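Asks: coords below, sequence missing:
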DNA sequence: GTCTATATTCAGATAGAC
DNA sequence: GTCTATCTGAATATAGAC
């Protein structure tokens, strides 16, 4: 099934953004990668701000679908947290691809405000998901050594994003796995 | 005491790099900020790669001096870890300034290889410092709920760097404080 | 929808005067 | 050490032909 140009473009842009950040890819790069001219990229996304916003929106929707899947597949808090950890691990693609939230947060000042607002919303949604998981854990007892659900959520998101940075800095998954091991030991 | 131009330049560059990443500041920015022309910046640092490498080197030396201070001032593992957390908190400067390691790691692909090598070394030194702290904790018992020192070190670095990202995304220190609270509860 | 051609702006960098 | 002047390349973006 051949994808339309717009989708191919979004895929290429997302991958580039997650590897090199917002400043790190250009319309020229994207055009060359998918075999059209950069003026044609402007036909699909009139400017880079629109492209970035669309990118985060699509990423956001995918995240919501993913958590719906986790809820359907895992009844316990431990199962849902484990699935979330795997999600962040898989996003690394072996070690050189950050989650879009990390890639865009660190370059915050260069990101167009519209796109940054989207990132903030996404971040909030991730925190809410994690907080719900830890609230469930307080009921089902599937995670050891529980603290306040809000703090656990903030700490877990920080751990996952930091672990991604570490993996990327070394270009392999070992630092990620070591960083999350103590959390997984509680499951 | 008036600083020499070179030092003023390094200070401005470090601040800019930690706010906007490697791609996010230019010789023109620096020149304007300190009131000289950009050709004069090239006199002090012939190219941006040299500037970046110098920046990380200086940051590295400062980190080593900081940990020496922590060792002198705090005999317990808990005291040393708390000082390290404070160090990362202070580096945020209220919420819009990342540690150089985070700022440069996320833009890895655009960073000149020499500078990236320096970042890798710095990262390694931070991990060794944290690992030594957790090894001491195994002896002095000042940190509760201890796991393997290597994993604790990786997890702590990830937590601190992730907590910085969270604080920066929201432009205030609250997410940082919430993310590290459970760790501090163990001290 | 995609192209050529072009405008504008800005980046990193160098030569050479003072 | 700092300046003016200039080069080169690349980025975002637009106009208009096909």
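Replies: That came in fine, so what should we check first? Note that the coordinates shown come from a computational prediction; the quantities given were computed from them, not determined experimentally.

Asks: what's the helix or strand harbouring residue A:169 packed up against?
Replies: Using DSSP states H and E, the element containing residue A:169 is helix A:149-170. With contacts defined as 3 or more C-beta pairs under 8 Å, 6 or more residues apart in numbering or on different chains; DSSP states H and E, the secondary structure elements packing on helix A:149-170 are helix A:77-91, helix A:100-106, helix A:113-140, helix A:174-185, helix B:100-106, helix B:113-140, helix B:149-170, helix B:174-185. Just so you know, the C-beta spots here come from the backbone N, C-alpha and C atoms, and that holds for glycine as well.

Asks: in the first one, what's buried?
Replies: Under the neighbour-count criterion of 16 or more other C-beta atoms under 10 Å in any protein chain shown, helix A:77-91 has A:77-85, A:87-89, A:91 buried.

Asks: With distance to chain B as added columns, please give those in JSON lines.
Replies: Written out in JSON lines, the entries for these read as follows (distance: C-beta to the nearest C-beta, whole Å):
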{"residue": "A:77", "distance to chain B": "16"}
{"residue": "A:78", "distance to chain B": "17"}
{"residue": "A:79", "distance to chain B": "21"}
{"residue": "A:80", "distance to chain B": "19"}
{"residue": "A:81", "distance to chain B": "15"}
{"residue": "A:82", "distance to chain B": "16"}
{"residue": "A:83", "distance to chain B": "19"}
{"residue": "A:84", "distance to chain B": "14"}
{"residue": "A:85", "distance to chain B": "12"}
{"residue": "A:87", "distance to chain B": "16"}
{"residue": "A:88", "distance to chain B": "11"}
{"residue": "A:89", "distance to chain B": "13"}
{"residue": "A:91", "distance to chain B": "14"}
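
Asks: CSV for those residues, including distance to residue B:165?
Replies: CSV is the format used below for these (distance: C-beta to C-beta, whole Å):
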residue, distance to residue B:165
A:77, 25
A:78, 26
A:79, 27
A:80, 23
A:81, 20
A:82, 23
A:83, 22
A:84, 17
A:85, 17
A:87, 18
A:88, 13
A:89, 18
A:91, 15
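
Asks: Out of these, the closest to residue A:181 would be?
Replies: Taking C-beta to C-beta as the measure, residue A:85 is the one of the buried residues of helix A:77-91 closest to residue A:181, at 10.3 Å.

Asks: Leaving out sequence neighbours, find the closest residue to that closest one.
Replies: residue A:180 (5.6 Å; C-beta to C-beta, 6 or more residues apart in numbering or on different chains).

Asks: For whatever helix or strand residue A:14 lives in, name the packing helices and strands.
Replies: Using DSSP H and E, the secondary-structure element containing residue A:14 is helix A:5-20. If you count contacts as 3+ C-beta pairs under 8 Å, 6+ apart, helix A:5-20 packs onto helix A:27-34, helix A:38-44, helix A:48-73, helix A:100-106.

Asks: who wins for proximity to chain B among those helices?
Replies: Within the helices and strands packed on helix A:5-20, the stretch nearest chain B is helix A:100-106; the backing value is 3.8 Å (C-beta to the nearest C-beta).

Asks: ok, now which ones touch the residue nearest to residue A:8 when sequence neighbours are not counted?
Replies: Distances taken as C-beta to C-beta, 6+ apart put residue A:34 closest to residue A:8, at 5.2 Å, once the chain neighbours are dropped. By C-beta atoms under 8 Å, 6 or more residues apart in numbering or on different chains, the contact list for residue A:34 reads A:5, A:8, A:9, A:12.

Asks: can you redo the residues you listed as CSV with distance to DNA strand D, neighbour count and pLDDT?
Replies: Supplementary listing: the contacts of residue A:34 in CSV, determined by distance: C-beta to the nearest atom of the strand, whole Å; neighbours: other C-beta atoms under 10 Å in any protein chain shown; pLDDT from 0 to 100:
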residue, distance to DNA strand D, neighbour count, pLDDT
A:5, 15, 15, 97
A:8, 17, 17, 98
A:9, 13, 23, 98
A:12, 13, 18, 98
